[in-house]
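Engineer: Fold the following.
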Amino acid sequence: MARDFELEKVRNFGIIAHIDAGKTTVSERILFYTGISHKMGETHAGEAIMDWMEQEKERGITITSAATTAFWAPSWIEERKDKKNQYRFNIIDTPGHVDFTVEVERSMKVLDGGVVVFDGVAGVEPQSETVWKQADKYKVPRICFVNKLDRTGASFERSFKTIIDRLTPNAVRAQIPIGEGENHEGIIDLLTEKAYYFEGKMGEDIQVRDVPDEYKEDVAKLKNELMEKIVENDEEMMEKFLETGNIPLEETKKVLRKAVLSNEIVLVLCGSALKNKGVQLMLDAVVDYLPSPLDVPPIVGVHPKSGEEVSRKAGDDEPFAALAFKLQTDPYVGQLTYFRVYSGKLKAGSYVYNASKGVKERIGRVVRMHSNHREEVDEVYAGEIAAAVGLKQTTTSDTLCDEGHPIELEKIEFPEPVVSMRIEPKTKADQEKMGMALSRLSAEDPTFRVTTSDETGETVIWGMGELHLDIIVDRMKREFSVEAGIGKPQVAYKETITDTAEAEYKHIKQTGGRGQYGHVKIVIKPLEISEDEANKKQAKNVSRREGYEFINSIKGGVIPQEFIPAVEKGVFEAMNRGILAGFPMTDVSCELIDGTYHDVDSSEIAYQIAASQAFKEGAVKAKPVLLEPIMRVEVVTPTEFMGDVNSDLNSKRGQIEKMEERGHNDTVIHSFVPLSEMFGYITQLRSMTAGRANFSMEFDRYAIVPRNVADEVISLRKK
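Structural biologist: Reported below is the predicted structural model:
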């Protein structure tokens, strides 16, 4: 089977945004206008194609990212039904809720471009900033779509200003709305200086007219601003623009495309997906300005054996290289492994090499996903996103490649979970099923963890928030028929030290025959390392993991080299058990400065025990403290309830950062509040505001717990 689409006509992009900005509604319009669906599914009616999980339909939110393939010919092409004029879109609709941020993270890793959707009333919201940073991290070119301009209180200009102030100074208007709120009629494109109206039952009939007289002055001014921003990126064009004041449209688009691809310009478009306005023009902009796989720099990885840097260009003739970015359990075919092909091609039934695990795996079947529907294909090519059936050992972030040309791509980094909950099966039969269900679900979601409590032997599940764990338990019940009882959500506290301390421990045990002897002297101190220091310290005697550093300063072999890893292991184990309340410790630097050994009795286990005990003694002297997750909380409340909400946040140890007006009668309160105070907050908030306020929160940082609160947490933990 030959490739059915040229690589330059492929666009891999994601729809990303804060919860309730209208991402899924935008995705549903895309499916309708591209002919994939013939009926528009509405999120509020539980009929959205991209929200296929039962939990998504019931709650009206996106929980898991859904992929689909669609075809689009730009609206300025006359022969739009001719396949040779069409572009292939591989689209991922991502969740907006912070608890499911993992879905955005892994999608950004494998996508070439992004459409960032904003609520025209709210503008930039907390999760908008989070997804923007994720796109920045992977240098993903993007365009903005200010949605919901039909809503009362919508303001394109205010939303645009929040993008400039909070996200990027490179944003520039490419369109402006004709009317807002109930008067929203259409859109003016600044480059073409034309007005677009979307008529017909579903807005499919686009009428192009002259700009209404009352907008002509604004359009001339804003077009000039846009042109100035564009010509800044091309000296020749700048001279031409200054001389003539006019540049041909095709030439302008070419330079603009280059600027968008290099993130020098971020175009801001507008419309209302619910009222079927502006989505087709946004798709035209995806074709014109977002990258094809050929516009993206070659993917870089390392040779799994030599560690040398290796790169792969996007092309079918290159050796095969792909990244597995998501696992999903399908009730009909078993486990699906989603992957992005960066180079080469892959045939169903062939073998691939998993460079991350060092094993060969057989690809049973290859399918293209349309939300939860599968389309079986014989072969996939460079630049495509597909799913494989039959991979047994491949997990999220593994590299699949040609065994003759191995490459290991950079892994996806995932945030640490901040909430835990006890879970236990209700019957003996549920016990076995629960183990399998938890194993499957943790393989699917890298931010969901399962541990066993050392003290009680209970199973503890960890996630990104209450909603995350609630969905997990619900999925266990529905998909795996597991009935389980759950405890209250718990905060993922951590411990650290605030001072420097020295400690020494000698472990001697005589039991008749060979004894045990291990003697270490260590210095522990808070870990505060700048990037420059970290680079300087990447020497052979420094071992570093996140939040922990071990320095070997042993001279003259007073402790033989073969026992040093055992010392580090002992320290790391003691850190994981904590000092104050058994919570894992973080941000600690431990230096091994001295010790002794015995020719006969010294052993790895003896040094491990000695290091563990020395660390415990040192940590007690180094003024240990408890750390708690602090959340960035944004409350949107009617102004009349602002005082009550402020007082309540203060009573929760919250710090109010700032307040601002939104719309005609709403106030937005930005604050930082400890996670432990936020359980069940939505119920309290609604009861004090007659059900009219709402809030969103995301993890910000860990901070020291006040002494009185820490004492309470420690005593409860000891009970």
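Engineer: quick one: low-confidence ranges for the stretch 101-250 of the chain?
Structural biologist: By pLDDT under 70, the stretch 101-250 of the chain has no low-scoring segment.
Engineer: Strands along that one, start to end?
Structural biologist: Chain-ordered strands for the stretch 101-250 of the chain, with DSSP state E, counting those that start in this stretch as the definition, fall at 113-119, 142-147, 171-173, 175-178, 186-189, 194-199, 205-210.
Engineer: Each with direction, which strands does the last one pair with?
Structural biologist: It stands for strand 205-210. Partner strands for strand 205-210, per DSSP bridges, with pairing direction: strand 194-199 (antiparallel).
Engineer: re the thing from before, let's have the strands of the stretch 101-250 of the chain in CSV, adding distance to Ile605 and mean neighbour count.
Structural biologist: The way it works is simple: take the backbone N, C-alpha and C, and place the C-beta from them, glycine included. Written out in CSV, the entries for the strands of the stretch 101-250 of the chain read as follows (distance: least, Cβ to Cβ, whole Å; neighbours: other Cβ atoms under 10 Å):
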stretch, distance to Ile605, mean neighbour count
strand 113-119, 52, 25
strand 142-147, 54, 28
strand 171-173, 60, 22
strand 175-178, 69, 24
strand 186-189, 72, 23
strand 194-199, 73, 17
strand 205-210, 75, 12
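Engineer: by contact count, what packs against the helix or strand encompassing Glu698?
Structural biologist: Per DSSP states H and E: Glu698 is located in strand 694-704. With contacts defined as 3 or more Cβ pairs under 8 Å, 6 or more residues apart in numbering; DSSP states H and E, the secondary structure elements packing on strand 694-704 are helix 126-137, strand 624-638, strand 666-674, helix 681-688.
Engineer: hey, which of those is tucked in deepest?
Structural biologist: strand 624-638 (a mean of 21; mean count of other Cβ atoms under 10 Å).
Engineer: packing partners for the helix or strand following it?
Structural biologist: Sequence-wise, the next helix or strand beyond strand 624-638 is helix 642-651, with elements assigned using DSSP H and E. Helices and strands touching helix 642-651, by 3+ Cβ pairs under 8 Å, 6+ apart, are strand 624-638, strand 655-662, strand 666-674, helix 681-688.
Engineer: By mean pLDDT, point me to the weakest helix or strand of this structure.
Structural biologist: For the chain, the helix or strand with the lowest mean confidence is helix 531-536, at a mean of 44 (criterion: mean pLDDT, DSSP states H and E).
Engineer: which neighbours does the strand holding Glu698 have in its sheet, and in what orientation?
Structural biologist: Strand pairing (DSSP bridges) places strand 694-704 next to strand 624-638 (antiparallel).
Engineer: Show the average pLDDT along the strand it pairs with.
Structural biologist: The pLDDT scores in strand 624-638 average 89.
Engineer: then that strand to CSV, C-alphas only?
Structural biologist: In CSV, the C-alpha atoms belonging to strand 624-638 read as follows (Å, rounded to 0.1, in the frame of the first residue of the first chain):
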residue,chain,number,x,y,z
PRO,A,624,13.6,18.5,59.8
VAL,A,625,10.3,20.1,58.6
LEU,A,626,7.2,18.9,56.9
LEU,A,627,6.4,20.1,53.4
GLU,A,628,2.9,20.3,51.8
PRO,A,629,1.6,20.9,48.3
ILE,A,630,0.4,24.5,47.7
MET,A,631,-2.2,25.0,45.0
ARG,A,632,-2.7,28.0,42.7
VAL,A,633,-6.5,28.6,43.1
GLU,A,634,-8.6,30.8,41.0
VAL,A,635,-12.2,31.5,42.2
VAL,A,636,-14.7,33.2,39.9
THR,A,637,-17.5,34.6,42.0
PRO,A,638,-20.3,37.2,41.6
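Engineer: let's have the chain start at 558 instead
Structural biologist: With the count now opening at 558, the last piece we talked about shows up as strand 1181-1195.
Engineer: Next, the contact list for the residue most central in space within the chain, please.
Structural biologist: Here the mean C-alpha position of the chain is nearest to the C-alpha of Glu662 (Cα atoms, centre = their mean), at a distance of 2.5 Å. Residues counted as contacts of Glu662 (Cβ atoms under 8 Å, 6 or more residues apart in numbering) are 691, 969-972.
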